[in-house]
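**Student:** Please find the sequence and the predicted model below.
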Amino acid sequence: MVVQFKKWICDLTYGRYQDQSIAIRLRNVVTHEPIAKATLCLAEYKEKPEPLNVFIKDYSENEGMVDTLAKAGVIFPEPVRVIDLGYVKVGEFMLSDECINEIKSKI
């Protein structure tokens, strides 16, 4: 899947965190340089998303990530829950069927 995040056109790469939750990273389609890590692992807070959901980092340098991924059809736009970490709130989002199929073919 290809998304535009801020000034970059990016493709998505997928992996897994130590708790086996899905990791999504954005990479420049031309240079293949890493642009952003879209997801978070909240294992240290004893939080884990549902199997086909992800926690999205939408603050600091990642501000606008939820909007970017929702517009591209990667996630549904509304969080299924919000985790309050004290200094910031992080949403858990459902992945789209298209994204799930792409992830299954790659990891």
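**Tutor:** Sure, I can see it. Numbers count the residues shown, from 1 in each chain.
**Student:** For the top helix by length along the chain, buried residues please.
**Tutor:** Longest helix in the chain, counting residues (DSSP state H): helix 97-106. Along helix 97-106, these residues count as buried under the neighbour rule (16 or more other CB atoms under 10 Å): 99, 102-103. The way it works is simple: take the backbone N, C-alpha and C, and place the C-beta from them, glycine included.
**Student:** any chance of those residues in JSON lines, with pLDDT and distance to Met65 too?
**Tutor:** Below are these laid out as JSON lines (pLDDT from 0 to 100; distance: CB to CB, whole Å):
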{"residue": "Cys99", "pLDDT": "96", "distance to Met65": "14"}
{"residue": "Glu102", "pLDDT": "94", "distance to Met65": "18"}
{"residue": "Ile103", "pLDDT": "94", "distance to Met65": "17"}
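**Student:** Kindly indicate which of the residues you listed lies nearest Gly64.
**Tutor:** Gly64 lies nearest to Cys99 out of these, by CB to CB, at 18.2 Å.
**Student:** How about the closest one: what's its closest non-neighbour residue?
**Tutor:** Closest residue to Cys99 apart from its sequence neighbours, by CB to CB, 6 or more residues apart in numbering: Val74 at 4.8 Å.
**Student:** How about residues contacting the worst-scoring helix or strand of the chain on mean pLDDT?
**Tutor:** Every helix and strand of the chain was ranked by mean pLDDT, DSSP states H and E. The lowest is helix 97-106, at a mean of 94. Outside helix 97-106, the residues within contact range by CB atoms under 8 Å, 6 or more residues apart in numbering are 1, 12, 14, 22, 52, 73-75, 95.
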